[in-house]
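A.B. asks: coords please:
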Amino acid sequence: MTIKKGQEWGEAVTRPSDLSVAASDAELAAWNAVDGPVGVSGGDIYRSVGAPEPRRDAVRLPIDRMHVVFDEQAAVAVAHVVARRDIGRFGRWVPWWSWWRGDLLGVCNADFVGAWNVAPRAHPNDGRFDVVDVKDMGLRERWAASRRLAHGTHVPHPAISVRTATEASWQFARPMRIWVDDVDCGTCSELSVSIEPDALVIIV
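C.D. replies: Residues are numbered from 1 along each chain as shown. The predicted model follows:
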């Protein structure tokens, strides 16, 4: 069951000696739940649960997964889906001023996107995702927001809206570039995301 407010998340277990481990969010998202629990050693879900070192006394945590459809293509994600303007050859890792120029959409099941605490209230097992929608900011506003991202204090802000949902759809006036768990999936004009509660179990 998804976590409720004030409820403890997960249960103490002994870490299996033969535990398979996912090294990234994309690897974790692709894990087949029927194969049982999986360890994590990297990615933003891993960071969101504290990035612990492997240990014998571990914790078993259920997490949600997102189903993503973009221009009739499909994918799954555990951490986040990011849509922003296409800046061509620069790819995923670009200067902060490029990220915060123009509209930016983050659909987050984890609070972190890399080093940034983009969705500070997101939880990987609350049965919903957080939608962070950024409209164009002036240079001074972008600079101030970028300095606060690491600590999640960029919200509230009049140019940033945050809401939660279990499913949502968007149509973009101009094609946006899509990253699904840090995997560049190209551009799209339509995007929809829905949550699958308790889809996977991780051991950390």
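A.B. asks: Residue ranges of each domain in the protein, please.
C.D. replies: Following automatic domain parsing, the chain resolves into domains at 11-66, 67-194.
A.B. asks: got a list of contacts for stretch 169-181?
C.D. replies: Contact partners of stretch 169-181, identified using Cβ atoms under 8 Å, 6 or more residues apart in numbering, comprise 24-26, 29, 43-44, 68, 70, 75-87, 92, 103, 105, 184-193. The C-beta positions use only the backbone N, C-alpha and C, and glycine is treated the same way.
A.B. asks: Give me the neighbour count for residue 110.
C.D. replies: Residue crowding around residue 110 was assessed by other Cβ atoms under 10 Å; the count is 27.
A.B. asks: still on that earlier bit, just send the domains of the chain back as JSON lines, with distance to residue 203 and mean pLDDT too.
C.D. replies: Shown next, in JSON lines, are those (distance: least, Cβ to Cβ, whole Å; pLDDT from 0 to 100):
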{"stretch": "domain 11-66", "distance to residue 203": "5", "mean pLDDT": "95"}
{"stretch": "domain 67-194", "distance to residue 203": "14", "mean pLDDT": "79"}
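A.B. asks: Out of these, flag the one nearest residue 2.
C.D. replies: domain 67-194 (3.7 Å; Cβ to Cβ).
A.B. asks: So what would you say the end-to-end distance of that closest one is?
C.D. replies: One end of domain 67-194 sits 5 Å from the other (Cα to Cα, to the nearest Å).
A.B. asks: Just the ones of the contacts of stretch 169-181 in helices?
C.D. replies: Taking DSSP state H as the definition of helices, these contribute 25-26, 29, 44.
A.B. asks: Pull out the buried residues from the longest strand along the chain.
C.D. replies: Assignment by DSSP state E gives strand 183-203 as the longest strand of the chain. For strand 183-203, the neighbour count (16 or more other Cβ atoms under 10 Å) marks 185, 187-188, 191, 193, 195-197, 199-203 as buried.
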